[in-house]
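*Asks:* Sequence and computational prediction follow.
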Amino acid sequence: MELAAAKMIGAGLACSALIGAGVGIGNIFGNYLSGAMRNPSAAPGQFTNLLIGFALAEATGLFGLLIALIILYG
Amino acid sequence: MEQFEIRKLWDLNFLGHDISFTNSSLMMIVALVLISGFMIYAMSARSLVPTRIQSLAEIVYEYVAGMVKENLGEEGMKFFPWVFTIFIFILVLNVIGLIPGNFTVTSHIIVTFALAAMVWLTATFIGFWKHGFGYLKLFVPSGVPFWLMPVIVPIELISYFIRPISHSVRLFANMMAGHTMLKVFAGFAVMLPWWGKIAPAGFMVAFTGLELLVAFLQALIFTVLTCIYLNDAVNMHH
Amino acid sequence: MFAGTTMLLAAAAEAAEKVAESGALPPESVGLPQLNTHHFAPQLFWLVLTFVTLLFVMWKIALPRVADVLEERRDRIKRDLDAASRLKGDTDKALADYEKALADARSNASGIAKDTREKLAAETETERHRVDDQIAAKLREADKRIAATKSKATSAIGDIATDTARAVVEKLIGQNVSSDDVKKVLRPVAGE
């Protein structure tokens, strides 16, 4: 059973990659908002870039979650 | 995890290779039929003033065309049908996979990896075909001091070779994580007594909305990255 | 997230126990279905088949139609815009022509008025000259007549004086005196 326990711990550790994703997504949206407050007229043009940045940052965190799932079930 | 399970619907064998018709193949065929039917039906009138469905098809067309032109320039339009097919195929597979009970083809690493490998191989092939061995200059960024080369070149090489992996895992992980999350909350809704079911059920509704956004965004990102990789190969201003 | 992970962990523990109980790994029931290599070949085959079919359909049938319609619409809009700008040019030209005609008419009218004025002024002038000349001629004639009358009157005065003087002399001396003599005498008196 030590192997199973180690797997659990490893999966939990792998999920810490989502910390970075959370920080990154927060950063992206925060900076977008502060930029949009300064220059509201330019904000809609950057909305697509915002979503792309969001998805790229989220994907990086999901790599970690994926590792966790593979550890658990793989 | 049984929502990701492949089930054989029809056993097929071709020269000893297993090519069974599975639920995954069924969804691919459904997507193929949906997309072809939509595009052909929408444009059947070919009217100058578009109907709703025709303007929808035109919006998708112009959206992808704008993306290709923005990244690849006007001469990149010869890749447009290919990029368009990648975009709409992934988009439709992602979206129909969100319907409860449906299988999500793009939540399988082999599918996304095959698509990403196709993109990577195409980009590499075009790069060498257009620039010959000059394509290797892609790994030697200009304006970097000479003494940094031993560090930069391996990094560039690794990042180039890891492209198909990150490209495919991004789509796969997003799809799989989203569906797993929905599954987990559906499990809560089942386990809780009747007065507690509303919270996870409401969360699932909201989360399905987010997943719809993610399904679109990941198709978009896969396509944008395809354009960027192609642009590296075609124009090579690194 | 925390609750979700707990759930996952519970499921994983269950699966792990099941594996531990059975003691063997059945190839198709354990692990992520995505990593089951048995299913790679059929998925790849159908992926290639559907993708190539879709690419072909899009490339040869669907996309050219959309491109045609968009092209046609762009052409149509361009044509309409061209026609509109051409019509606008025509309108502008017509307006300019009208303005020009109006200005011409104005300048013509003022020219005609000026000419008329000048002509009338010239006529008046010549008429005035003619009348002036006539008046002057009449004046000269009148002057002449007056002068003639005056000289006639003056000479008549001389004759009268001569006759009177002769008559006076005849009375005084009783002798006929010729008028020539009288005249001869009177001339210095008359200041001639």
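*Replies:* The structure has been received and is ready for your questions. Numbering: from 1, shown residues only, chains lettered A, B, ... in the order given.

*Asks:* following the helix-or-strand element of chain C with minimal mean pLDDT, which helix or strand shows up next?
*Replies:* The helix or strand of chain C with the poorest confidence is helix C:2-22; it has a mean of 49 (mean pLDDT, DSSP states H and E). Sequence-wise, the next helix or strand downstream of helix C:2-22 (DSSP states H and E) is helix C:40-57.

*Asks:* does the helix or strand following that next one come close to chain B?
*Replies:* Going down the chain from helix C:40-57, the next helix or strand is helix C:63-173, by DSSP H and E. Yes. For helix C:63-173, a contact with chain B is found by C-beta under 8 Å from any C-beta of the partner chain, at C:63, C:65, C:66, C:67, C:68, C:69, C:70, C:72, C:73, C:76. Backbone N, C-alpha and C define where each C-beta goes, glycine included.

*Asks:* Please report the confidence value the model assigns to residue 67.
*Replies:* Here I'm looking at chain A. Note for residue A:67: predicted pLDDT of 87.

*Asks:* Not quite, go with chain C.
*Replies:* For residue C:67, pLDDT reads 86.

*Asks:* Run through chain A and note the low-pLDDT ranges.
*Replies:* Applying pLDDT under 70 to chain A flags no residue at all.

*Asks:* Off-centre distance for the longest helix anywhere in chain B?
*Replies:* Using DSSP state H, we find that the single longest helix of chain B is helix B:198-234. Averaging C-alpha positions (C-alpha atoms, centre = their mean, to the nearest Å) puts helix B:198-234 9 Å from its chain's average.

*Asks:* which secondary structure element contains the nearest residue to residue B:171 once chain neighbours are set aside?
*Replies:* Distances taken as C-beta to C-beta, 6 or more residues apart in numbering or on different chains put residue B:112 closest to residue B:171, at 4.6 Å, once the chain neighbours are dropped. Following DSSP H and E, one finds residue B:112 within helix B:109-131.

*Asks:* So which elements touch that helix?
*Replies:* On a contact count with 3 or more C-beta pairs under 8 Å, 6 or more residues apart in numbering or on different chains; DSSP states H and E, helix B:109-131 meets helix B:80-97, helix B:163-191, helix B:198-234, helix C:40-57.

*Asks:* where does chain B come near chain A, residue by residue?
*Replies:* Proximity of chain B to chain A (C-beta under 8 Å from any C-beta) is limited to residues B:1, B:166, B:169-170, B:172-174, B:176-177, B:180, B:213-214, B:217-218, B:220-221, B:224.

*Asks:* rerun that using 6 Å as the cut-off
*Replies:* Neighbours of chain A within chain B, by C-beta under 6 Å from any C-beta of the partner chain: B:170, B:173, B:174, B:177, B:217, B:221.

*Asks:* For ChimeraX, write the select line for the buried members of those.
*Replies:* Buried subset of the residues of chain B next to chain A, written as a ChimeraX selection, criterion 16 or more other C-beta atoms under 10 Å in any protein chain shown:
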select /B:170,173,174,177,217,221
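
*Asks:* Most widely separated two among the residues of chain B next to chain A?
*Replies:* Within these, B:177 and B:221 form the most distant pair, 14.8 Å apart (C-beta to C-beta).

*Asks:* Helix or strand: which one has the most centrally placed residue in chain A?
*Replies:* For chain A, the residue sitting closest to the mean C-alpha position, by C-alpha atoms, centre = their mean, is residue A:21 at 2.5 Å. Assessed by DSSP H and E, residue A:21 sits inside helix A:17-38.

*Asks:* Restrict that helix to CA atoms and write it as PDB.
*Replies:* Extracted in PDB, the C-alpha atoms of helix A:17-38 (Å, rounded to 0.1, in the frame of the first residue of the first chain):
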ATOM      1  CA  ALA A  17       1.100  23.400 -10.900                       C
ATOM      2  CA  LEU A  18      -2.300  24.900 -10.700                       C
ATOM      3  CA  ILE A  19      -0.900  27.500  -8.300                       C
ATOM      4  CA  GLY A  20       1.000  29.000 -11.200                       C
ATOM      5  CA  ALA A  21      -1.900  28.800 -13.500                       C
ATOM      6  CA  GLY A  22      -4.000  30.700 -11.000                       C
ATOM      7  CA  VAL A  23      -1.400  33.400 -10.500                       C
ATOM      8  CA  GLY A  24      -1.000  33.600 -14.300                       C
ATOM      9  CA  ILE A  25      -4.700  33.900 -15.000                       C
ATOM     10  CA  GLY A  26      -5.100  36.500 -12.300                       C
ATOM     11  CA  ASN A  27      -2.200  38.400 -13.700                       C
ATOM     12  CA  ILE A  28      -3.600  38.400 -17.200                       C
ATOM     13  CA  PHE A  29      -7.100  39.500 -16.200                       C
ATOM     14  CA  GLY A  30      -5.800  42.100 -13.700                       C
ATOM     15  CA  ASN A  31      -3.500  43.600 -16.200                       C
ATOM     16  CA  TYR A  32      -6.200  43.600 -18.900                       C
ATOM     17  CA  LEU A  33      -8.600  45.400 -16.500                       C
ATOM     18  CA  SER A  34      -6.100  48.000 -15.500                       C
ATOM     19  CA  GLY A  35      -5.200  48.600 -19.100                       C
ATOM     20  CA  ALA A  36      -8.900  48.700 -20.000                       C
ATOM     21  CA  MET A  37      -9.500  51.300 -17.200                       C
ATOM     22  CA  ARG A  38      -6.700  53.500 -18.600                       C
END
